[in-house]
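>>> could you work out the structure for the sequence below:
(one chain, ligands or ions: 1)
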Amino acid sequence: MAESRTYQWWQREDLGYRENELHFAGRKVAALAKQLGTPSFVYSAQRVKANLERIQQALVSAGLESTSSLYYAMKANRFAPLLTFLKQTGLCGIDACSPAEVEHAVSCGFAPTDISFTATSLSNADFDLLARYDGVFMDCDSIHAIHSWGKRKPGTSIGIRVNPAVGVGRASNDKLQYAGSVTTKFGIYQEQFEEALAVAHSYGLTVSKIHFHTGCGYLTPQLAHWESVLETCLWFIETAGSVTRVNVGGGLGVPHLETDTPLDLDQWAGILYKHFGTRGLHVEVEPGDYVAKDAGLLLLGKTFVEQKRDKLFVGVDAGFNIAPEPAYYALPFQPVPLNYSGEPCQATHVVGHINEALDVWYENAILPDLTAHDHLVLINAGAYSSSMASNHCMRGQFKEFLLF
Ligand SMILES: Cc1ncc(COP(=O)(O)O)c(C=O)c1O
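Below is the predicted model of the structure:
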């Protein structure tokens, strides 16, 4: 059934239709698809930089100019040209979560002292490798990790990742929460904290940082709840007694739907200042999604259009295995045609080429008739897509390009 609804809420200065043709980062997307082939991820260097600058500016305006630092969470997107570019901007360090990520960040130009490390379930081999990188700052997320690091680096400073047992994530999406009523593997709980401090002291370690990351994708409506997470974490800061820095993790979200309210960064930074700035604490933030997600598109080739029973399907030449968030976390990646001149739209199911029931890109996407189109793009594919890709069904091939 044709509808006159449109789907263009996602348009912005560097992404949208000009004379009916989709443009991104100063290029015609149709020309990119033709030249680069599909499936390809394209990332806008300028958008990544602008996203970081927006966060930095909000922190500065809130009064945290000389007392805040950004560490890009490279798990979101580790494409080497992107990391090298980020190093050149001088805007951020790196949040790494595995020894291989540390090695990769260093190979892209970051110094070990630019790296804040937060991970879970590390082996002895992992600790040995990390200990070779002098200057990497370790946030320990278990008492076991404090022992392991203390043996290797006695007398140094560490952070403790805590679990405040309250979490925040994208509206009503529990899959994106790392802390809450369900006990998780992440961080040290309040009832373990005294023991954690005693273990740290037994190795002469100074606990100079409290770290917490309690969920992903929060937007303005979740800020009040996010503030209550911060308030809960004050107990850890005060109890440790030696803390000068607080790392609030990542989790800053971007809109995925027309109905999403974008994150009000000034309000967000004001909350940080109110609780931590006024206490003289240095604030660290580890954004991944907010930096990279809306800076990336996934270019796809159309494979078929077919009505099956009550549903209109459009197939594309890539599946959920190269961008798993829609399937794993129910995060919709809006499909967008390469040209659009106001024709009526209809509900369309966009599906991939993997033999799994999970392989649905978008249900009921409001799209024009795509019969005569060769391509389609998915927006918000810049984070947790290529970095989480697998070779399922031996369909793991894709290309990546950084656009300047
Ligand atoms: C410890 C830690 N910091 C930062 C991040 C980045 O989160 P996001 O990409 O939602 O900003 C994550 C994501 O899982 C994380 O686990």
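>>> what's near enough to touch the closest residue to the ligand within the stretch 1-150 of the chain?
Of all residues in the stretch 1-150 of the chain, Ala73 sits closest to the ligand, at 3.5 Å by Cβ to the nearest ligand atom. In this view, the C-beta of every residue, glycine as well, is placed from N, C-alpha and C. Ala73 is in contact with 95, 97, 250, 286-289, 291, counting by Cβ atoms under 8 Å, 6 or more residues apart in numbering.
>>> gap between Asn163 and the ligand?
Note on Asn163: its distance to the ligand, by Cβ to the nearest ligand atom, to the nearest Å, is 12 Å.
>>> and that residue, what pLDDT?
pLDDT for Asn163: 95.
>>> spit out the contact partners of the nearest residue to it once chain neighbours are set aside.
Nearest residue to Asn163, sequence neighbours excluded (Cβ to Cβ, 6 or more residues apart in numbering): Gly187, at 3.4 Å. Residues near Gly187 by Cβ under 8 Å, 6+ apart: 141, 161-163, 178-179, 211-212.
>>> could you point out the longest helix of the chain?
helix 223-240 (DSSP state H).
>>> may I see the buried residues of it?
Residues of helix 223-240 classed as buried by neighbour count (16 or more other Cβ atoms under 10 Å): 223, 226-227, 229-230, 232-234, 236-237, 240.
>>> just want the angle from the strand or helix carrying Ala196 to helix 223-240.
Using DSSP states H and E, Ala196 falls within helix 190-202. Between helix 190-202 and helix 223-240, the angle comes out at 40 degrees (axes from the mean of the first three to the mean of the last three Cα atoms, to 10 degrees).
>>> what's in contact with helix 190-202?
Against helix 190-202 from outside (Cβ under 8 Å, 6+ apart): 140, 143, 146-147, 150, 158, 160, 162, 164-165, 188, 206-207, 235-236, 239-240.
>>> just the buried residues from those residues, in PyMOL please.
The following PyMOL line selects those of the contacts of helix 190-202 that are buried, judged by 16+ other Cβ under 10 Å:
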select buried, resi 140+143+146+147+150+158+160+162+164+165+188+207+236+240
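>>> how is this structure divided into domains?
Using automatic domain parsing, the domain parsing of the chain gives 2-45+295-403, 67-287.
>>> name the nearest residue to Tyr273, ignoring sequence neighbours.
Ala62 (4.2 Å).
>>> what is the neighbour count of the one you found?
Per other Cβ atoms under 10 Å, the neighbour tally for Ala62 reads 21.
>>> dump the residue contacts of the residue in the stretch 251-400 of the chain that the ligand sits nearest to.
At 2.7 Å from the ligand, Gly288 is the closest residue in the stretch 251-400 of the chain, using Cβ to the nearest ligand atom. Gly288 is in contact with 72-77, 95, 250, 383-384, counting by Cβ under 8 Å, 6+ apart.
>>> do that again at 10 Å, thanks
By Cβ atoms under 10 Å, 6 or more residues apart in numbering, the residues touching Gly288 are 71-77, 95, 216, 249-252, 383-384, 387.
>>> repeat for Leu59
65, 67-70, 265-266, 268-269, 272-273, 277, 283, 285.
>>> can you rerun that using 6 Å?
68, 269 (Cβ atoms under 6 Å, 6 or more residues apart in numbering).
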